[in-house]
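> build me a structure from this.
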Amino acid sequence: MGTLNDEQLEQFIEELKRDEYVQQSQETELTNIEKRRLASADANRRRRESEATVIIPWLTDAERQRREQLEADNEAWIWEMCGPKSGILEPFTRPFTPQQAQMIADFGEILNHGGDELLLASRGEGKTSYLRCMVWKAIATGVIDFIAFISATGPDATNSAKAIQEMMMRSEPFFRYYPEIAVPVNRVGSTPQLAHQMRASGVRHDNGEQFTSEPIKFSWTSEEIDMPAVPGSPSAKAMLRFRGADSPIRGLNILGRRPKAVAMDDLDTPDTTGNADVARKIIDRINLDIGGLGTQTQPLARIMLATLPKSGCGVAHHFAKTGHPFVVKRFRYLVERPDRFDLWMDYVKKRQKGKIEGDKYGRIAHRFYLANRFDMDAGAVVSNQHRFKSQELPDGSQLQVSALQNYFDEWADKGEMFCRCELDNETIENEDLIESKLELGHVMNSESDRPRGRCEDSTTMIVRGVDVRKIELHFSTMASDAKKRNRVIDYNVQSHGTSETTVEQAEQLVYEGLCRLHEEWKAEGHEDNEGGLHFADLTLIDKGWMGSWTDDGEKKTWASQPVERFCTEKGIRHFLPAKGQPSYRQPDPSREVIIGDNWHINRGKGRERICSEVIWNAEHWHSLVEGLFMTAEDDPHGFELFASEPGLWINHKRLAEHIREGSADLAELRKRATKTRKPKYRRDHFWDSFAMMLVARSVEERLREIEATRKPARTLAEMAAGK
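Next up, the predicted model:
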């Protein structure tokens, strides 16, 4: 490279100066940008901190005094925080009933002092809402610093978490008396991330000292709620955890802290009530996993809420029956039954029949109640007089006028077992059981002092059921009167063959045996206390057993149905063939079918019959036989047997064995979830005849209703006169 002349050197120096100036300008600009960025970041930080800082108001002396008064009274606290003026979405609007007040008191006692308690209460009585409120109160007031809330499933637990969060955010009295909680959670709202950076300024609740911009980090999700760590707050850092009983629970140990109380709400699901193995898993989880959540020095408080479902298996049924380790308290909807229960059964029938025929609001039954309300209300006591639907219908009538009417509307629409189990919380084991049920004593202890064959002069109906075997006929007879619906006045067995009798011979012998019974029934009747005679209105006879044999290598069965032949000859209005169906399916109503309660009548001749026949739900009616022997002694709906006497009827032992055999067989079928035929040599024939006896009473009641609606036949003279 050559030597630069003066002009070139001067130009080169100018270029260097220019480059240096540009570089300095760029560095200055970068410095300014960085300063502006840092300043902006600092301003944003101060703005976020300002936005995340809440001011906790200081309570006046009057507010502090009112808060203390409310905390000393659980009912007052709940009514203030959740009552009509609270501002929450679904406030309580009626004063607490004695049962509801007792529930609240029990919740408070367990949460404050520990223990294990199972409360059984009907659906719709508010037990879950009161439990949520008491858990909320215990956490907010600092009584307990860690509570686990267990529901049947994860989604159920989430619902409880959201319900408690909604009440904390919306309750205006809670905002006024508990600002150290309400102010931060309202700032968070539906953005739980804000809770992690939140700060607070204000005055301490415990000693009145001021604090400024203190971090109060907390958690606000559907699985966990940690109370804001506001200085001086009784609830600071208290924890709520929400879990489903179907998810792992063991090891709820958070930063060295364990729950002091566990609230368990309705842990049964269709899986637990339909499968004993699933139920046992939840039961073990309660006894072992949940039972082991407490600390070594402080007892764990456990509250379980439940409503007994009508299936006889599940978590609630297990603890309700065994008790241990819980103290079991039951709250019934119907505390005392009405004196005129028979009128309510008429009401139920009118409502059911009316709804089938288009009376969708049950106005026929409603008018019957209004006309007889004084008698129908007498003696009845309900737990909650306000529990009825009072809305006005288009015809100007009120849908319901009393809680008692609401109870029997549920009876008519959902069935007796729904009311007895899910409203009154009776422990009725009528499905797939965890433990056994019917015993021989249940049957033998149903005996009365009434002589065999005797009935009341007020008898309104007598029915029979006949079970047919190859060489025997087992029959049972039942009378209904104003005091007792299921008064068994006779049962017996008649033989018509020997062990040598063939199936082919039995066809004629069954027919002849039925004819002999008919002559005896026709000649004797049943005498009442006044000397009057009563005869059976309807007899159902089993046509299910037909027998079969092999002749010349060909399988054969009866040439004709002896039961159908007998019923046709004696009159199907009083004698009907019947057949129990294990997997019963009710057909669609038609002119050829009469529909009843778990039975139907196929009218007239058919492809496999020569006359009308009754098809009945075997499982339903067999279960009812079992249930009616297990009712309380003073229950007017339970079976009442006649006084025992020598022979077949001594102590009713043989009858009890038949009923117990049938009950055990039914339980076994349920356990295996199968509808296969029962063992061939099972001695349960009176069990079958009792079931058909109950079906016969239901059929007779329906036939009488149909006959009552028919217009009376006119004579020729009346027709000629235009009448």
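
> strands along the stretch 151-300 of the chain, start to end?
Along the stretch 151-300 of the chain, counting by DSSP state E, counting those that start in this stretch, strands occupy 199-203, 210-215, 219-220, 224-226, 239-244, 261-265.

> among the ones you listed, which is the most enclosed?
Among the strands of the stretch 151-300 of the chain, strand 261-265 has the highest mean neighbour count (mean count of other CB atoms under 10 Å), at a mean of 24. C-beta coordinates here come from the backbone N, C-alpha and C atoms, glycine included.

> show me where the stretch 451-600 of the chain has helices.
Under the criterion DSSP state H, counting those that start in this stretch, helices of the stretch 451-600 of the chain are mapped to 503-524, 562-570.

> just checking, what packs against the longest one?
Right, the one you point to is helix 503-524. If you count contacts as 3 or more CB pairs under 8 Å, 6 or more residues apart in numbering; DSSP states H and E, helix 503-524 packs onto strand 461-468, strand 472-480, strand 487-495, strand 548-551, helix 562-570.

> comparing the ones you listed by mean pLDDT, which bottoms out?
Set side by side, the helices and strands packed on helix 503-524 give their lowest mean pLDDT on strand 548-551, at a mean of 59.

> hang on, the earlier thing: with mean pLDDT and distance to residue 658 added, can I get the strands of the stretch 151-300 of the chain in CSV?
Shown next, in CSV, are the strands of the stretch 151-300 of the chain (pLDDT from 0 to 100; distance: least, CB to CB, whole Å):
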stretch, mean pLDDT, distance to residue 658
strand 199-203, 91, 75
strand 210-215, 91, 76
strand 219-220, 92, 63
strand 224-226, 92, 58
strand 239-244, 91, 45
strand 261-265, 91, 42
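
> for these, which one sits closest to residue 346?
Among the strands of the stretch 151-300 of the chain, strand 261-265 comes nearest to residue 346, with 38.2 Å by CB to CB.

> what about residue 471, how many residues close to it?
Per other CB atoms under 10 Å, the neighbour tally for residue 471 reads 17.

> same question, residue 371
There are 10 residues near residue 371, going by other CB under 10 Å.

> looking at it now. What's its pLDDT?
Listed pLDDT for residue 371 reads 96.

> and the strands in the stretch 601-723 of the chain, which stretches?
Under DSSP E, counting those that start in this stretch, the stretch 601-723 of the chain gives strands at 613-617, 640-641.

> would you list these in JSON lines and tack on mean neighbour count, mean pLDDT and distance to residue 651?
Shown next, in JSON lines, are the strands of the stretch 601-723 of the chain (neighbours: other CB atoms under 10 Å; pLDDT from 0 to 100; distance: least, CB to CB, whole Å):
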{"stretch": "strand 613-617", "mean neighbour count": "24", "mean pLDDT": "93", "distance to residue 651": "30"}
{"stretch": "strand 640-641", "mean neighbour count": "22", "mean pLDDT": "92", "distance to residue 651": "10"}
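
> as CSV, those strands with distance to residue 375 would be great.
As requested, the strands of the stretch 601-723 of the chain are arranged in CSV below (distance: least, CB to CB, whole Å):
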stretch, distance to residue 375
strand 613-617, 33
strand 640-641, 24
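
> out of the ones you listed, nearest to residue 482?
Among those, the nearest to residue 482 by CB to CB is strand 640-641 (13.7 Å).

> what's near enough to touch residue 218?
Contacts for residue 218 (CB atoms under 8 Å, 6 or more residues apart in numbering) come out as 184, 195, 198, 226, 227, 228, 229, 237.

> whoops, residue 365 was the one
Contacts of residue 365 (CB under 8 Å, 6+ apart): 347, 348, 350, 351, 354, 412.

> count the residues that sit near the third one.
In other words, residue 350. Residue 350 has 21 neighbouring residues, counting by other CB under 10 Å.

> follow-up on the earlier one: out of the contacts of residue 365, who's nearest residue 373?
Of all those, residue 347 has the smallest distance to residue 373: 10.6 Å, by CB to CB.

> what's the burial count for that closest one?
Residue 347 is flanked by 23 other residues according to other CB under 10 Å.

> for residue 363, see how far away it is.
Between residue 347 and residue 363 the distance is 12 Å, computed by CB to CB, to the nearest Å.

> got the contact list for residue 598?
For residue 598, the contact set (CB under 8 Å, 6+ apart) comprises 584, 586, 616, 617, 620, 621.

> so who does the residue nearest the centre of the chain touch?
By CA atoms, centre = their mean, the mean C-alpha position of the chain lies nearest to residue 309, the distance being 3.6 Å. Contact analysis of residue 309 by CB under 8 Å, 6+ apart lists 268, 273, 316, 317, 421, 422.

> now do the SS call for it.
With DSSP: H, G, I helix; E, B strand; the rest coil as the basis, residue 309 sits in coil.

> for residue 178, grab phi and psi.
Note on residue 178: backbone dihedrals following degrees, to the nearest 10 are phi -130, psi 60.

> quick check: it vs residue 161, distance?
18 Å.

> and the protein, what are its domains?
Split into domains by automatic domain parsing, the chain comes to 61-330, 334-423, 447-709.
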